[in-house]
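**Student:** Sequence isn't available, so here's the structure alone:
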């Protein structure tokens, strides 16, 4: 469980420009483009993460159904 908490903290945005990998000597319009690209990357990762969760959930439900058909299951049947 503590490993999950550590992973959650990895998604926290850096506090300083050095931690973010920003270049303070870039022109302002380049900083804006850089920020837009960074935001797009995080959005892409979030979309991929959601898609993977959906695939894993479907796979779990399909496997659970197959196991129930042969008399096995991850959990006992509902009363």
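**Tutor:** Received the coordinates, thanks. All values reported here derive from a predicted model rather than from experimental measurement.

**Student:** Quick check: phi and psi at the closest residue to residue 74 other than its chain neighbours.
**Tutor:** Closest residue in space to residue 74, ignoring its immediate chain neighbours: residue 64 at 5.7 Å, by Cβ to Cβ, 6 or more residues apart in numbering. Just so you know, the C-beta spots here come from the backbone N, C-alpha and C atoms, and that holds for glycine as well. Phi and psi for residue 64, reported as degrees, to the nearest 10, are phi -60, psi -40.

**Student:** cool, and residue 26?
**Tutor:** Taking degrees, to the nearest 10 as the convention, residue 26 sits at phi -80, psi 150.

**Student:** What is the burial count for it?
**Tutor:** Per other Cβ atoms under 10 Å, the neighbour tally for residue 26 reads 12.

**Student:** what about the residue nearest to it when sequence neighbours are not counted, which SS state?
**Tutor:** Leaving out its chain neighbours, the residue that sits closest to residue 26 by Cβ to Cβ, 6+ apart is residue 34, at 7.1 Å. Three-state assignment for residue 34 (DSSP: H, G, I helix; E, B strand; the rest coil): helix.

**Student:** heads up, I number from 873, so please use that
**Tutor:** Fine by me, first position is 873 from now on; the one you just mentioned is residue 906.

**Student:** Next one, pLDDT for residue 906 please.
**Tutor:** For residue 906, the model assigns a pLDDT of 86.

**Student:** just the one 10 residues further on next, same as before
**Tutor:** Turning to residue 916, the model gives it a pLDDT of 89.

**Student:** Where does it fall, secondary structure wise?
**Tutor:** helix 900-941 (DSSP states H and E).

**Student:** For that helix, name the packing helices and strands.
**Tutor:** For helix 900-941, there is no helix or strand it packs on, judged by 3 or more Cβ pairs under 8 Å, 6 or more residues apart in numbering; DSSP states H and E.
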